[in-house]
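Asks: Take this sequence and fold it.
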Amino acid sequence: MKGNLTFRSAKESDFSRIQEIAMKGWLFSYSYLPEKELTKLVDKYYSDKSLSGSLKRVKEGTDLFIVAEAEKKIIGFCHVTAKSRVGEIVRLYLDTGYIGKGIGKKLLVRSEEFLKAKGCKKLFTFVNMHNRIGMDFYLRNHFVHIGEKDTEDEFRNGKVLWYMEKSL
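Replies: As a prediction, this is how the structure comes out:
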């Protein structure tokens with residue numbers, strides 16, 4: 001990757017770029033689903049209101065929401081939350097052109113450092129089983145597939161969300 005890679009806290013002026021990266025990621029990972037449905041879900045999960053709530057939790061000290069930048073352009077982001085000695089990856093995305101360059105790993109390491117400082121002993125996330133790149137990323141980074149989420153997923157396909165965790 002050319003240029004310097006930097007990390008910083010997300011801010012409100014980043015929302016449109018975060019939303020753009022999330023949409024690209026969903027279209028890339030779930031290309032078999034209708035774009036109209038994916039757009040509705042991204043609009044819901046990445047609305048300004050949702051992202052503002054995330055920044056509020058950052059100010060409260062329970063969450064970390066960081067962006068990765070190259071050449072002054074946001075190329076990825078990660079949002080984690082700490083609850084009762086357990087951390088959760090809420091969001092971790094890269095612009096599709098930057099997948100496989102070690103940036104996701106760097107975002108993950110910074111997030112794990114934050115969670116350890118908060119006293120977390122475990123870290124978990126949910127990954128759609130059709131998101132092969134995401135699943136492979138977490139498996140390479142020492143997450144273990146524990147089971148499927150026992151509720152219907154947003155795509156109405158039954159139990160497709162993998163619960164994955166690792167010790168910190």
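
Asks: in the chain, which spans are strands?
Replies: 5-9, 63-70, 73-83, 86-94, 122-128, 144-148, 161-167 (DSSP state E).

Asks: Just the CA atoms of the lowest-mean-pLDDT helix or strand in the chain, as PDB, please.
Replies: Within the chain, no helix or strand scores below strand 144-148, which has a mean of 84 by mean pLDDT, DSSP states H and E. Output of strand 144-148 as PDB, limited to C-alpha atoms (Å, rounded to 0.1, in the frame of the first residue of the first chain):
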ATOM      1  CA  VAL A 144     -13.200 -19.600  17.100                       C
ATOM      2  CA  HIS A 145     -16.600 -20.400  15.600                       C
ATOM      3  CA  ILE A 146     -18.800 -21.200  18.700                       C
ATOM      4  CA  GLY A 147     -22.200 -21.500  17.100                       C
ATOM      5  CA  GLU A 148     -25.000 -19.800  15.200                       C
END
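
Asks: Touching, residue 89 and residue 127? I think so.
Replies: No. Between residue 89 and residue 127 there is no contact under Cβ atoms under 8 Å: 9.2 Å. Where C-beta positions appear, they are placed from N, C-alpha and C, glycine not excepted.

Asks: low-confidence ranges in the chain?
Replies: 1-3, 148-160 (pLDDT under 70).

Asks: on that earlier part again, and the least confident helix or strand of the chain, what does it pack against?
Replies: In terms of contacts (3 or more Cβ pairs under 8 Å, 6 or more residues apart in numbering; DSSP states H and E), strand 144-148 is packed against strand 161-167.

Asks: Just the buried positions in the strand it packs on, please.
Replies: 161, 162, 163, 164, 165, 166 (16 or more other Cβ atoms under 10 Å).

Asks: residues touching the fourth one, list them.
Replies: So that's residue 164. Residue 164 sits next to 124, 125, 126, 127, 135, 138, 139, 143, 144, 145, 146 when contact means Cβ atoms under 8 Å, 6 or more residues apart in numbering.

Asks: any idea how far residue 81 is from the closest residue to it other than its chain neighbours?
Replies: Excluding the flanking residues, the one nearest residue 164 by Cβ to Cβ, 6 or more residues apart in numbering is residue 143, at 4.2 Å. To residue 81, residue 143 is 17 Å away according to Cβ to Cβ, to the nearest Å.

Asks: Cheers, nothing more for now.
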